[in-house]
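Participant: Need a 3D model of the following:
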Amino acid sequence: MTVTDEKSAETARLHAKYLSRGRAKIAGMLGGQIEESSAGSYIHTSAGEKYLNCAGYGVMLLGATHPDVVEAVVEQVRRHPISSRVFFDDVTSRAAQALAEVCPGELEKVFFCGSGAEAVETALKLARVNGHKRTVTTRNGYHGRTMGALSVSAKRRYQEPFEPLIPDVVEIPFGDANALRAALRDAEPSCFIVEPIQGEAGVVIPDDDYLPEVSRICQEHDCFLIVDEVLTGMGRTGTWWAISELPVQPDVMLVGKGLSGGVVPVSAAVATPTAYAPFDKDPILHASTFGGSPIQTAAVLAAIEATKAHDVLGAAGTIGERLLRTLRTAAQAAPPGSIREVRGKGLLLGVEFEDPGSSAELMLHLLDRGVLINHSVNNPHVVRFTPPALMSEDEVDTLEAAMEDSFRQLGKLSVGRR
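Facilitator: Below is the predicted model:
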């Protein structure tokens, strides 16, 4: 599809000149539409189209512009959006309390940040200041693109242009507890950073006993455990955290994506008092000018309250199970042998194809039917669905119909455009 209207053409020109030519080219291939507004499950474009948003990389669990969160943020912006950091800020204190109260185990010390990658940097610094200088990470894991986060996001394509990265990082296979045990045996004090479900690797779900065994191994070897729940947390998998029902004891857990209800950028590193002690003692040791600003934490507080009030956890589990069944049934209409697996937990769903071209084709078919989904950065064979939990019955029906029709169209030479 080519850009045709004057407004889209000018936006594409400005984006290419001042932001990214590559991004502008991709957007142009997808029609060059301009996102003009969003509400609930839908994004509305300047061309008058609307799209059911199952993309957004997992941010919109509450849907877009949730009224409770927006109201809280607007009130805070009008009254006091950024604090001086000289006096106390009551909304940030209450948001930290609210977040700690829904976190597992002894996680109660909160450091608010602006992005998932910044939360990762915070956790890595906590590990180091506690004496754990060596880092173990998982192959194809994803933790962000800043230098520390990139160093533990074990995908060579994205690391090589920026080398040398931080030293003493060891990569092991995801889901293999024995590999972690071997990596820690007779090693200097280490930390281990791991996702409960690998998102950008293509919704890779480990065996049920993997994370509990990881936790035991880390305790045995005095290994600092960082669990990255940036994508999986805040109810995305049907519980507050993917580790909620598991005997897993992180030193730090990372939170992001849905933490602000999709209204403002915010993330957090939540630590045990023991792990956080160096930052507790010296508040200047690690800081962020905009991290923990009232505008962010007003959104956090409202998002946590909305998650409870609307039973987002239950909805994510129920709708997620339904959509997973629909995807598996619909996938049977795809050309024989084209699909490796359909998998997911809660509202984090993935379809893995034999050929990455088929994953791109499915995205285009769904786009034609008014549904947005995401590819997986570290695995082009996998497309991901991360729909909101507060979809209506009609919206779920619409999504299921689009899934079924799109799989039936796979492998055809002509892809009809909207």
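Participant: Would you mind writing the CA trace of the helix or strand of the chain with the lowest mean pLDDT as CSV?
Facilitator: Across the helices and strands of the chain, mean confidence by mean pLDDT, DSSP states H and E is lowest for helix 21-29: a mean of 84. In CSV, the C-alpha atoms belonging to helix 21-29 read as follows (Å, rounded to 0.1, in the frame of the first residue of the first chain):
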residue,chain,number,x,y,z
ARG,A,21,14.3,6.6,7.1
GLY,A,22,14.0,2.9,7.8
ARG,A,23,11.0,3.3,10.1
ALA,A,24,9.3,5.6,7.5
LYS,A,25,9.8,3.1,4.8
ILE,A,26,8.2,0.3,6.8
ALA,A,27,5.3,2.5,7.8
GLY,A,28,4.8,3.5,4.2
MET,A,29,4.7,-0.2,3.2
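Participant: would you list every one of the helices in the stretch 251-400 of the chain?
Facilitator: For the stretch 251-400 of the chain, applying DSSP state H, counting those that start in this stretch gives helices covering 273-281, 294-309, 312-330, 356-368, 393-409.
Participant: Can you give me the buried ones in the third one?
Facilitator: By neighbour count on 16 or more other C-beta atoms under 10 Å, the buried set for helix 312-330 is 312, 313, 315, 316, 317, 319, 320, 323, 324, 326, 327, 330. C-beta here means a position set from N, CA and C on the backbone, and glycine is covered the same way.
Participant: if you skip the residues just before and after it, what's nearest to residue 232?
Facilitator: residue 242 (4.0 Å; C-beta to C-beta, 6 or more residues apart in numbering).
Participant: In three-state terms, label that neighbour for me.
Facilitator: Under DSSP: H, G, I helix; E, B strand; the rest coil, the three-state class of residue 242 is coil.
Participant: Correct me if wrong: it contacts residue 194.
Facilitator: No. Counting by C-beta atoms under 8 Å, residue 242 does not reach residue 194; the two are 10.8 Å apart.
Participant: what sits against residue 184?
Facilitator: 136, 190, 192, 217, 218, 221, 223 (C-beta atoms under 8 Å, 6 or more residues apart in numbering).
Participant: if we can go back for a sec, so which of the helices of the stretch 251-400 of the chain gets nearest residue 116?
Facilitator: helix 294-309 (13.6 Å; C-beta to C-beta).
Participant: elements contacting that closest one?
Facilitator: Contacts defined by 3 or more C-beta pairs under 8 Å, 6 or more residues apart in numbering; DSSP states H and E place helix 294-309 against helix 67-79, helix 90-102, strand 109-113.
Participant: between the ones you listed, which gets nearest to residue 198?
Facilitator: The nearest among those, by C-beta to C-beta, is strand 109-113 at 21.6 Å.
Participant: hang on, the earlier thing: between the buried residues of helix 312-330, which is nearest residue 278?
Facilitator: Nearest member of these to residue 278, counting by C-beta to C-beta, is residue 313, at 33.6 Å.
Participant: Format the buried residues of helix 312-330 as CSV; extra columns: distance to residue 19 and pLDDT.
Facilitator: As requested, the buried residues of helix 312-330 are exported to CSV (distance: C-beta to C-beta, whole Å; pLDDT from 0 to 100):
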residue, distance to residue 19, pLDDT
312, 33, 98
313, 37, 98
315, 36, 98
316, 33, 98
317, 38, 98
319, 35, 98
320, 34, 98
323, 34, 98
324, 36, 98
326, 37, 98
327, 34, 98
330, 36, 97
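Participant: For the helices and strands packed on helix 294-309, give me JSON lines that also has distance to residue 227, mean pLDDT and mean neighbour count.
Facilitator: As requested, the helices and strands packed on helix 294-309 are exported to JSON lines (distance: least, C-beta to C-beta, whole Å; pLDDT from 0 to 100; neighbours: other C-beta atoms under 10 Å):
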{"stretch": "helix 67-79", "distance to residue 227": "25", "mean pLDDT": "98", "mean neighbour count": "16"}
{"stretch": "helix 90-102", "distance to residue 227": "15", "mean pLDDT": "97", "mean neighbour count": "18"}
{"stretch": "strand 109-113", "distance to residue 227": "15", "mean pLDDT": "98", "mean neighbour count": "24"}
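Participant: would you list the ones you listed in JSON lines and tack on distance to residue 140?
Facilitator: Below are those laid out as JSON lines (distance: least, C-beta to C-beta, whole Å):
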{"stretch": "helix 67-79", "distance to residue 140": "33"}
{"stretch": "helix 90-102", "distance to residue 140": "29"}
{"stretch": "strand 109-113", "distance to residue 140": "24"}
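Participant: I'd like to know which of those is closest to residue 283.
Facilitator: strand 109-113 (10.3 Å).
Participant: The closest one pairs with which strands?
Facilitator: strand 267-271 (antiparallel) (DSSP bridges).
Participant: Can you check what angle separates the partner strand from helix 90-102?
Facilitator: 60 degrees (axes from the mean of the first three to the mean of the last three C-alpha atoms, to 10 degrees).
Participant: ok, residues contacting strand 267-271?
Facilitator: Counting by C-beta under 8 Å, 6+ apart, 99-100, 103, 107-116, 118-119, 122-123, 126, 230, 251-256, 259, 279, 300 sit against strand 267-271.
Participant: Recalculate using a threshold of 6 Å.
Facilitator: Residues outside strand 267-271 that contact it (C-beta atoms under 6 Å, 6 or more residues apart in numbering) are 103, 107, 109-113, 115-116, 119, 122-123, 252-256.
Participant: repeat for stretch 169-182
Facilitator: Contacts for stretch 169-182 (C-beta under 6 Å, 6+ apart): 135-139, 151, 154, 183, 198, 206, 210, 213-214, 217.
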